[in-house]
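Asks: Prediction below, plus the sequence it came from.
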Amino acid sequence: MVTRSAEETIRAGRELAGRMRPPLLVFLSGELGSGKTTLAKGIVAGLGAAREEDVTSPTFTLIHEFSGPCKVYHIDLYRIEGAQDLATLGLDDLFSAPAVVLVEWPEKWSLRSDWPLLRLRLEPQEDSSRKIIVDAS
C-alpha cells in the first residue's frame, strides 16, 4: 500500500482493521515520524473502539486501552530501555482475553504470545508518500 497523506494513512488503517479479528498482535514498525500512530488511528477507529481524534501516541503513558466491539490496546515502547522495563508494564495481562494489541517499536518487544501476528512496516518515500508493507506470516 502507498499513502500520500495522513488522511490516506488513516483510511488504510481502517481498511486493514476490516480484516482484523481478535486475538491479534499487530507490530507497527518504522522510523520516528513514519506514521505509525496515524495508521493506529485508522485501525482503532476501524475496529469501532474509538474515534480517530481520540487516538494519540502513548509515548508517555505507554499503553492506551480502548473498548468497543472488541478491546484494543495501543502500546508505544519507544521509551523502554530493556527487558526489565518491559517486565514492569505487566503486558502479559493483556493476553487474558481476546483483543487487538497494537505495538509501536516492536523491536523492543520480548514477550511470547501464541496469538496470530501481523507486521505492518511504514517506510517514508522520497516524494513524502508512505509505503505500508503488510506481512501476516
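Replies: Cool, the structure landed. Numbering: from 1, shown residues only.

Asks: who's in contact with Ala6?
Replies: By C-beta atoms under 8 Å, 6 or more residues apart in numbering, Ala6 lies in contact with Gly35, Thr38. All C-beta atoms are positioned from the backbone trio N, CA, C, and that covers glycine.

Asks: now do 7 Å
Replies: Residues near Ala6 by C-beta atoms under 7 Å, 6 or more residues apart in numbering: Thr38.

Asks: Next up, the contacts around the residue nearest to Glu107 when sequence neighbours are not counted.
Replies: Nearest non-adjacent residue to Glu107, counting by C-beta to C-beta, 6 or more residues apart in numbering: Ser29, 6.9 Å away. The contact partners of Ser29, taken as C-beta under 7 Å, 6+ apart, are Pro106, Glu107, Arg121.

Asks: quick one: Ser29 from Arg19, how far?
Replies: 19 Å (C-beta to C-beta, to the nearest Å).

Asks: and the longest strand for the chain?
Replies: In the chain, with assignment by DSSP state E, the single longest strand is strand 117-124.

Asks: Give the partner strands of it in its sheet and their orientations.
Replies: Applying DSSP bridges to the sheet, strand 117-124 is found paired with strand 24-29 (parallel), strand 130-135 (antiparallel).

Asks: nearest to Trp115, of these?
Replies: strand 24-29 (4.7 Å; C-beta to C-beta).

Asks: Check the offset of the following helix or strand past that closest one from the chain's centre.
Replies: Where DSSP states H and E defines the elements, the next helix or strand beyond strand 24-29 is helix 36-46. Centroid displacement of helix 36-46 relative to its chain, using C-alpha atoms, centre = their mean, to the nearest Å, is 7 Å.
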